[in-house]
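Asks: sequence-free structure coming up:
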């Protein structure tokens, strides 16, 4: 019997308890020991809940109980999760988390503390809830030099973009509907401005590099400026628009970015619609691989946390390998990165655009008063200089 | 230092040696020990090959060398691989294999022998070369009750179908071209008749059931009867044709089949083209997930074998969990399985078809002298009875 505690009885935390209850036969067999939820930490009480009697309000009760071998940290946010996690790991209690903010901010330190105390800090649920990606990177692609990771990493923004495309709807209308349905938060900034995807690509990049990529160093753009007019042009180009986190290694340096991209409809990522997410991984031997599934949601995310619990239960007193050092990666200057750009500008600037951007390919989507065109490949800084000179309505990068 | 031997210096075996050489820094770090290829077993000599001096012709030399801890079995075929693998495992030497025939025929027995001798029998490369799928099933989806697996499991047939669709080419022409390019074997039966996919879906089904599904019990149909006329109808229906291995659990019994299916162009599997493969897994908590990558090829397959070598090196003297018992699963009768069918018949039979099949939906692809239609859902036995009565040209099952 392995006794565990769940920190935070919100969506994911209650999902963890539900998954352990509903799949108990399979889980106990695979963990090779029975898993029992002994404590649930929350500020609230849950009168009438079948687990009412496990709810406690004092973290010290949990961390000082020698029976507790594994903690699920499903609180979210850096504080107090950071302190709780450090305290638990220092006592040799393994921690399984869904908390991407904490992993992106302090992951390598927490992994080191776990190692020093012969326990484990696992975070499968922190990226792509229902997509097994952390464990495949750590356990499966071990014979690879991974040089490129790219993903649709946020369910809310992918739901909004899919709806805008399918229903020719405006960003604001779809956002309101998503909020009403609970797919977007009342304060949607973390999702729509790309901050959530930024943390996830920083975590994936760090596992690729086996060093630390700070999320603060990842250039991030959200989708709030994407309009349904952009989707008209996209359709004309045989493309769709996806918010991507991209990251690649070039000569030992790393380049990462979160931004909306125009991708071909024939790209495997183009069929990733609604709340589904996908992560593309390129290795020098296996070439391209892709991992697809639900990016979030109570039970998929909880299932990932519980898979970590099973892994910890199988490895009590043993270390699970994870290569993520505290040393920071060298970053490439984003201004030097090259892209092809799709640009919209006032139709009166047609001649000027041809002069400034030279290799222009016009996209006619029948939008009155403006023209759309794609540029040749050029660096961000060159593009920005030219775009400022011309005076543009908007631009979206292309990805093939 | 961990010394290993490679059995068979063909495509995959030489790939294993190449991957270990090219990614040696990453591999040794992740294995936490240096991996060295001490022997290569082959009937041939390889004068001038950089590993010429490691080539031996006598398996006993390898299996009696106490320095050898891991063997890569990349010979293919059941014999003599079966005897070699048993002998090695009985001596406590772990075996990593790409040999799907052997895994499908004797996997659970070999896993049991490995357990009895505290070593491991790993087979990541046996299904979907460049797709990590065995380890995700064993290590990642541990909190799930998996009830449905479906895959494009053979690169040769997927290449042929993709070419037929894109170039409106006949099966025979594309097969000849694939043979000339080395994508299809001179004797292509194992691929085009679905025997290869059949072994792979049997392996995946066994891991889903944690018991044994015998590949001989999987109803199997290949693609040799698919014509470019079928793709004309498919296009009219907004569908494409893929050779799928499907498997699902229903009330404790298992149903599995390999056959060509008409799938919607919006299905994530529809964009799996050319030599790429993909495997769809449905779990009761995480819902749908998909794993995509190269289905075969020297380096992707070798990379999967080497990832197993690394796993074995990390677990010398320890067992890696694998739940696959020798007990056979109960199978559902394929005749009772229900599908919707697309049927082609002589145009003179139009009225009769309506009478026999009732809920018919005609597909007009402008093909002279015949009609195409889809039926309502019905069992295989009902369909076969009606199809015989009518006298049809061909039928393909639909999948949504």
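Replies: Here it is on my side, so go on. Everything numeric here is computed off the predicted structure, so don't read it as measured data.

Asks: what distance do you get for the residue of chain A most remote from its centre to residue A:385?
Replies: In chain A, the residue that sits farthest from the middle, by C-alpha atoms, centre = their mean, is residue A:351; the gap is 41.5 Å. As judged by C-beta to C-beta, to the nearest Å, residue A:351 and residue A:385 stand 19 Å apart. Yep, even glycine has a C-beta here, placed from its N, CA and C like the rest.

Asks: how about residue A:20?
Replies: For residue A:20, the distance to residue A:385 - C-beta to C-beta - is 56 Å.

Asks: cool, and residue A:40?
Replies: Residue A:40 sits 56 Å away from residue A:385, going by C-beta to C-beta.

Asks: so between those two, which is more surrounded?
Replies: residue A:40 (24 against 13; other C-beta atoms under 10 Å in any protein chain shown).

Asks: and what about the more buried one, helix, strand or coil?
Replies: strand (DSSP: H, G, I helix; E, B strand; the rest coil).

Asks: list the contacts of it.
Replies: A:5-6, A:9, A:13, A:17, A:51, A:54-56 (C-beta atoms under 8 Å, 6 or more residues apart in numbering or on different chains).

Asks: most neighbours among those residues, which one?
Replies: residue A:6 (32 neighbours).

Asks: wait, that one touches residue A:41, no?
Replies: Yes. Residue A:6 is within contact range of residue A:41, at 7.1 Å (criterion: C-beta atoms under 8 Å).

Asks: any residues touching stretch A:116-123, and which ones?
Replies: With contact meaning C-beta under 8 Å, 6+ apart, stretch A:116-123 is reached by A:85, A:89-100, A:103, A:107, A:110-111, A:113-114, A:134, A:203, A:308, A:311-312, A:315, A:317-320, A:322.

Asks: can you tell me which of these end up in helices?
Replies: Mapping the contacts of stretch A:116-123 onto helices (DSSP state H) picks out A:85, A:89-90, A:100, A:103, A:107, A:110-111, A:113-114, A:134, A:203, A:308, A:311-312.

Asks: what pLDDT does the model give the closest residue to residue A:30 other than its chain neighbours?
Replies: Spatial nearest neighbour of residue A:30, excluding adjacent residues (C-beta to C-beta, 6 or more residues apart in numbering or on different chains): residue B:142 at 4.5 Å. At residue B:142, the predicted lDDT confidence score is 96.

Asks: OK, contacts around residue B:142?
Replies: A:26-27, A:30-31, A:306-307, A:310-311.

Asks: next, give phi and psi for it.
Replies: Here the main-chain torsion angles of residue B:142 (degrees, to the nearest 10) amount to phi -70, psi -20.

Asks: let me see the domain layout of chain A.
Replies: A:2-129+A:298-314, A:142-294, A:334-398 (automatic domain parsing).

Asks: would you mind giving those as a markdown table with distance to residue B:138 added?
Replies: Shown next, in a markdown table, are those (distance: least, C-beta to C-beta, whole Å):
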| stretch | distance to residue B:138 |
| --- | --- |
| domain A:2-129+A:298-314 | 9 |
| domain A:142-294 | 15 |
| domain A:334-398 | 39 |
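
Asks: looking at those, which is closest to residue B:372?
Replies: With respect to residue B:372, and counting by C-beta to C-beta, the nearest of the domains of chain A is domain A:142-294 at 25.9 Å.

Asks: and that closest one, how far apart are its ends?
Replies: 25 Å (C-alpha to C-alpha, to the nearest Å).

Asks: try stretch A:161-177
Replies: In terms of C-alpha to C-alpha, the two terminal residues of stretch A:161-177 are separated by 13 Å.
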